[in-house]
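1. After the sequence you'll find the predicted model.
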Amino acid sequence: MPFGKYKGRKMEDVPADYFHYLWTHGLDRDFSSPVHRYIRENMDALMKDHPDGIWE
């Protein structure tokens, strides 16, 4: 994870609810960023880990 509360951790070790927070608050809408790419590529798994969130 390149920034924030979980900076320095592997992205697969970051909780899905944190990615949901970033996604819904538009904090990483740079389509070329590694975080945005990770969210897009792992959306199905993140939705299972955090099913209460709205991911769209």
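-> Nice, I can see it.
2. Please name the spatially closest residue to M43 (chain neighbours excluded).
-> Ranked by CB to CB, 6 or more residues apart in numbering and with sequence neighbours excluded, the top spatial neighbour of M43 is W55, at 6.3 Å. Quick note: C-beta positions are derived from backbone N, CA and C, even for glycine.
3. count of residues packed around that neighbour?
-> If you count neighbours by other CB atoms under 10 Å, W55 ends up with 15.
4. Check the contact between it and D49; I expect there is one.
-> No. Taking contacts as CB atoms under 8 Å, W55 lies outside contact range of D49: 11.1 Å.
5. quick one, what contacts the residue nearest the centre of the chain?
-> Central residue of the chain (CA atoms, centre = their mean): F19, 2.6 Å from the mean position. Contact partners of F19, counting by CB atoms under 8 Å, 6 or more residues apart in numbering, are V35, Y38, I39, L46, H50.
6. try it again with 6 Å
-> The contact partners of F19, taken as CB atoms under 6 Å, 6 or more residues apart in numbering, are I39, L46.
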